[in-house]
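**Student:** Let's see this in three dimensions:
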Amino acid sequence: MNRRVQRLLPVVDMAKTEEREAAGHLSSYQHALNQAQQQLENLEQYRDDYQQQWIDKGQVGVSGQWLMNYQRFLSQLEVAVDQQRKSLAWHEHNLNQARTVWQQAYARVEGLRKLVQRYRDEAQKTADKQEQKMLDEMAQRLTTQPVREE
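**Tutor:** Sure thing, here's the model as predicted:
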């Protein structure tokens with residue numbers, strides 16, 4: 001193996017490790033985003049169900065106390081929904097950053113792999129040329145040596 005390739009192999013290994021770690025972080029952030037999205041959907045569904053209660057109870061009549069409690073709780077639900085939307089945006093931002101880090105790490109690994117392959121190809125070419133030169137020299141010696149008859 002070529003010395004340049006041998007010197008690069010630890011660098012390639014480190015880059016692969018960094019890429020795997022970045023992929024792991026990306027996966028974690030994707031999972032967190034999915035959970036935040038699910039939580040937002042649950043809150044929105046709960047709010048919609050709660051509003052449906054207003055429609056249902058409003059048809060038969062409600063007390064002033066019930067209406068005040070309903071409005072207070074609905075207001076708290078809206079705050080929770082807004083906070084969850086902000087949380088979702090924060091998770092999306094983290095995911096996008098993690099994706100960028102992973103893409104850069106992946107590109108680095110691929111660049112190093114290509115460089116190692118180029119060095120291997122160059123070493124193989126050099127070895128092939130040396131072998132061909134040696135075979136040519138041997139063939140030339142055989143044709144220039146006088147044939148001895150015994």
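**Student:** what is the mean pLDDT for whichever helix in the chain runs longest?
**Tutor:** Assignment by DSSP state H gives helix 64-144 as the longest helix of the chain. Helix 64-144 shows a mean pLDDT of 93.
**Student:** Please name every helix or strand in contact with that helix.
**Tutor:** Counting by 3 or more C-beta pairs under 8 Å, 6 or more residues apart in numbering; DSSP states H and E, the packing neighbours recorded for helix 64-144 are helix 3-58. From N, CA and C alone the C-beta is placed, and that goes for glycine too.
**Student:** Also compute the angle for the helix it packs on relative to helix 64-144, please.
**Tutor:** Orientation check (axes from the mean of the first three to the mean of the last three C-alpha atoms, to 10 degrees): helix 3-58 against helix 64-144 gives 160 degrees.
**Student:** if I pick the closest residue to L77 other than its chain neighbours, what's in contact with it?
**Tutor:** Nearest residue to L77 in three dimensions, chain neighbours excluded: R47, at 4.6 Å (C-beta to C-beta, 6 or more residues apart in numbering). Neighbouring residues of R47 by C-beta atoms under 8 Å, 6 or more residues apart in numbering: 74, 77-78, 81.
**Student:** Generate a PyMOL selection restricted to the buried entries among those.
**Tutor:** A single PyMOL command selects the buried members of the contacts of R47 (16 or more other C-beta atoms under 10 Å):
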select buried, resi 77
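**Student:** Same list (the contacts of R47) but as TSV, adding distance to L67.
**Tutor:** Converted to TSV, the contacts of R47 look like this (distance: C-beta to C-beta, whole Å):
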residue	distance to L67
L74	10
L77	15
E78	16
V81	21
